[in-house]
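1. I'll drop the sequence and a predicted model, then ask my questions.
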Amino acid sequence: MDEGGSRIRRRVSVRKRTRPSIFAAPTAAELKSDDEEEEEEMVAECRRRKTVGVQPIEHYDSEEDMFGDYDSFAENSFLAQVDDLEQKYMQLPEHRKHATDLATAGLCSESDENKLSIPTVFPESKTDEHAKNQSGPEDVPVEHGPDLPSSQVLYFENLQNSSNDLGNPSIEEKEQNSFSHKTGDEELSLNHIEQPQQDNDFSPKVRTSSDTNRRKSVKDHLKSAMTGNAKAQTPVFSRSKQLKETLLSEEINVAKKTIESSSDDLGPFYSLPSKVRDLYVRVKGIEKLYEWQHTCLTLNSVQERKNLIYSLPTSGGKTLVAEILMLQELLCRRNDVLMILPYVAIVQEKITGLSSFGIELGFFVEEYAGSKGRFPPIKRREKKSLYVATIEKGHSLVNSLIETGRISSLGLVVVDELHMIGEGSRGAILEMTLAKILYTSKTTQIIGMSATLSNVEDLQEFLQAEYYTSQFRPVELKEYLKLNDRIYEVDSKAENGMTFSRVLNYKYSDTLKKMDPDHLVALVTEVIPSYSCLVFCPTKKNCENVAEMICKFLSKEYLKHREKEKDEVIKNLKSISSGTLCPVLKHTIPFGVAYHHSGLTSEERRLLEEAYSSGVLCLFTCTSTLAAGVNLPARRVILRAPYVAKEFLKRNQYKQMIGRAGRAGIDTIGESILILQEKDKQQVSELISRPPENCYSHLVQEFTKGIQSLFLSLIGLKIATNLGDIHHFMNGTFFGVQQKILLKEKSLWEVTVESLRHLTEKGLLQKDTVNNSDEECRCDFHITKLGRASFKGTIDLAYCDILYRDLKKGLEGLVLESFLHLIYLTTPYDLVPQYDPDWMVYFRQKVDKNIVNRLYLSFVLYTLLKETNVWSVSEKFNMPRGYIQNLLSGAASFSSCVLHFCEELEEFWVYRALLVELIKKLTYCVKAELIPLMEVTGVQEGRAKQLYNAGYKSLTHLANADPEVLIRTIDHLSRRQAKQIVSSAKMLLQEKAEALQEEVEELLRLPPDFPGTMAASIEKA
């Protein structure tokens, strides 16, 4: 009962309301009879006896206040009007006496001690204590001050009764008995007081009692109904959760002040709340930062929010520094953040890894890769967003923010693998993105990181950035070269760059020598299965051949190593491929070996990577793309040859590959072995000794995807609209910094003029004829409809006129019986040359080869949409399944671009509705009911089917799922995967809920251009 009483004390301690009490007595101006005054004194004395020793309660708990700052029973409410009528009615002499008698009886009757009393308040009792004292079930009842709404009184009465019931089971029975006699007790008390007048006033008294009861009954019913409504609308919060959120909020506020001040105090965790540190320990197992990470985070340039480039060897922990800086920006400075990554797989890996941080710390993690991403992004007032994007999607995102005037909301941009700025068309797009940010936003900080940078000075000048570097590696790396059966250690101090280490000691039979002339079996068996190993091969086919060859000569003992887990891997691969399994993997996985290249589907790659990371698989034969992709370190890395396809290895590629050697926290050392032949000895000697290759701008070299696309977007976004401004912008690009090196025959001015003339001739730009200025540099350009469509759709300008012509021709006879015609129109042009079908019939008819190839790829996509099985389509068209999946991904992305293209051209209105549905089908390539599940990062078709069959049919189901239940329900699902799926689903659900809330608020908000508002602002001005 003490505990229940404590609860009631908290609930009834509410703020004083300024309005007069609805129970207030008549004013002093109203005359009272002597008898009435005596009765009032008796009531007051009775109340004083009941409140002896009661201490006032100062504690106030806003969470327990049922109505907070709102009073449902204000003066203008219906119940207040009822009370006003009652007050007037009771002021009549014959009724006021009756009310006093009722109050006296209610307060003094011993039978009412277990009830929550609501005493009549007289003028002299206004200062009475607003408290209670409770020592047991039979103690004095709780009393409430005159300011407490009647609805709360009834609520507290019910609450006290339920508390009494919990404290003493026998109370319920007692309460029922007392309730049944309640009216009788009150009548006995009333009869006792009014006995002298009974003979004279019997009839009026009966009528008065009946009227009063009837009115009280109606009023109480209304109050009870409204109390129930109020209770139903009151959310129930977890007290502990609320305290944690409050603590986190307070820590973020302190961190924000710390960052804004010049103090050296870094707070709990580099100006971040202690919860961030706890999350890194719990989620990623990181308990302490490396010394270089601490140094980098405490640099003056970082504290002052200057742009920064930092470079460290692979596996040095670069990403953690970037994550901490991103969290500072999101939580403390309350700005959005953009993280640009090179590949879709890495974007998805990062989304999965950061979703749990977003949920715990209150920010959104949004994916911009493939066909995913919203332009412009949703504008959020409360929570901030971390956009994780590929290079192409990052560029489109920045364009949309500039166009809507929101680029300043982007507080930080982080670029991983910054050296890619010098790699072809993707490098040109990355350069354009960074140049636009530098030009349009002076408050956005840029952080670039890479393991292989050489001409850092040029990049520093371009990004106006500081530079930090370290040669730290958590695990020591030893580089070796293998020539014949001899192994040499790379030594920069030696005369020829290497010193003899040892002779490879392994007994080779004649058969083995013929099959394995490079001694791969000997090299890998020195480390597997106890440790992991990567073998980089020049081609995809070589990866498969090497994996099979190694398994032929491994002993049967390797089959026993983690046998059950390897069987699980094979079952998982079959389940995601509708029962089909690659014959090579079927043979190699039991030995703990697998190949890894782009010919695998993304689902296969993910499963194999997880098996390798957990140690179930101990050897990967792979292509160079693995080095630039997800993080899969190994004890030993072997380079099968110093070639990538037919091209000799570059220093950057070599450093990335050998950088995978040595697993932090697992290995004490990492080894790399490059196998070479006598003919390659000189080139390899140069390879191991020279610095990484310089980065050079590809902005002009990639003409249509580079400088032309840049100029079109500059004019479309109104960043620069005349020749002089565009030339000024170009001087600030990476190309502008390197123009003396890259431009030999033409000047930058000439290149700019030529590019603008080409865009004008192509019908994408027009010169502004309104401007009569004689100066050529001040002549303005404006973008045409076709130009805007190309720029908004991010269409390669080499294909924009072809796309327009194809779409225009399609309108003449668009076939809607199936998706085939639409698929043809959205098959990517750049993938057409990659496959050459043997269609002699069409060649004899002299049909354009590109049209034939594109139509063939359309058939592949159409078949895939009908069957949704990559394996069967791969077999039917004799194409690698990895290529088919790449085609599907490219088609989904290109169809999204075509949609944005069509949105800018009125004549293509019909495509807008049709393409939306096609994009969904191409993006997920599954049955319609599985699409909501496929939106969750990490859920592919096979997993989506399992979840759907288990009853998880929507995003809401997954967001509310218990990971432990998922593990028991879904076959072959690890605990880590289950947690990632639930975290990603929660993040997506929060994003959608927030978007809907924003939409509602936007609809209800008064438009800034509303006539009345504008008039008022003019008057104020």
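-> Cool, the structure landed.
2. low-scoring pLDDT stretches of the protein, where are they?
-> 1-267, 629, 769-777, 838-847, 1012-1021 (pLDDT under 70).
3. got the domain ranges for it?
-> Domain assignment for the chain by the TED database gives 274-469, 476-689, 705-783, 799-1003.
4. measure Leu477 to Met657 for me?
-> Leu477 sits 12 Å away from Met657, going by Cβ to Cβ, to the nearest Å. Heads up, the C-betas are built off the backbone N, CA and C, glycines and all.
5. okay, and the common contacts of the two?
-> Ser672 (Cβ atoms under 8 Å, 6 or more residues apart in numbering).
6. comparing the two, which residue is more hemmed in?
-> Met657 (24 against 19; other Cβ atoms under 10 Å).
7. counting contacts, what elements does the helix or strand hosting that one pack onto?
-> Assessed by DSSP states H and E, Met657 sits inside helix 651-658. Where contact means 3 or more Cβ pairs under 8 Å, 6 or more residues apart in numbering; DSSP states H and E, helix 651-658 is packed against helix 625-628, strand 636-639, strand 669-676, helix 681-689.
8. could you give the bridge partners of Tyr488?
-> Beta-bridge pairing of Tyr488 under DSSP bridges involves Leu481, Phe500.
9. re earlier: can I get the domains of the chain in a markdown table including distance to Phe791?
-> As requested, the domains of the chain are arranged in a markdown table below (distance: least, Cβ to Cβ, whole Å):
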| stretch | distance to Phe791 |
| --- | --- |
| domain 274-469 | 8 |
| domain 476-689 | 29 |
| domain 705-783 | 5 |
| domain 799-1003 | 9 |
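10. wait, which of those domains is closest to Cys695?
-> domain 274-469 (3.3 Å; Cβ to Cβ).
11. now do the end-to-end distance for that closest one.
-> Taking Cα to Cα, to the nearest Å, domain 274-469 runs 28 Å from one end to the other.
12. show me what contacts the residue sitting nearest the centre point of the chain?
-> Taking Cα atoms, centre = their mean, the centroid of the chain lies closest to Val365, which sits 1.8 Å from it. Neighbouring residues of Val365 by Cβ under 8 Å, 6+ apart: Ile351, Leu354, Ser355, Phe357, Gly358, Ser385, Leu386, Val388, Met987.
13. mind redoing it with 6 Å?
-> Counting by Cβ atoms under 6 Å, 6 or more residues apart in numbering, Val365 touches Ile351, Leu354, Ser355, Gly358, Leu386, Met987.
14. try Leu811
-> No contacts exist for Leu811 under Cβ under 6 Å, 6+ apart.
15. let's see it at 8 Å
-> Leu811 is in contact with Glu907, Phe908, Val910, counting by Cβ under 8 Å, 6+ apart.
16. just put the helices and strands packed on helix 651-658 in a markdown table and tack on distance to Lys540 and mean neighbour count.
-> Formatted as a markdown table, the helices and strands packed on helix 651-658 follow (distance: least, Cβ to Cβ, whole Å; neighbours: other Cβ atoms under 10 Å):
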| stretch | distance to Lys540 | mean neighbour count |
| --- | --- | --- |
| helix 625-628 | 10 | 18 |
| strand 636-639 | 16 | 26 |
| strand 669-676 | 19 | 22 |
| helix 681-689 | 23 | 15 |
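17. in stretch 830-840, what's buried?
-> Leu831, Val832, Pro837 (16 or more other Cβ atoms under 10 Å).
18. and for stretch 632-652?
-> So for stretch 632-652, counting by 16+ other Cβ under 10 Å, buried means 632-644, 649, 651-652.
19. out of these, which comes closest to Arg473?
-> Checking these against Arg473 with Cβ to Cβ, the nearest one is Pro633 at 11.2 Å.
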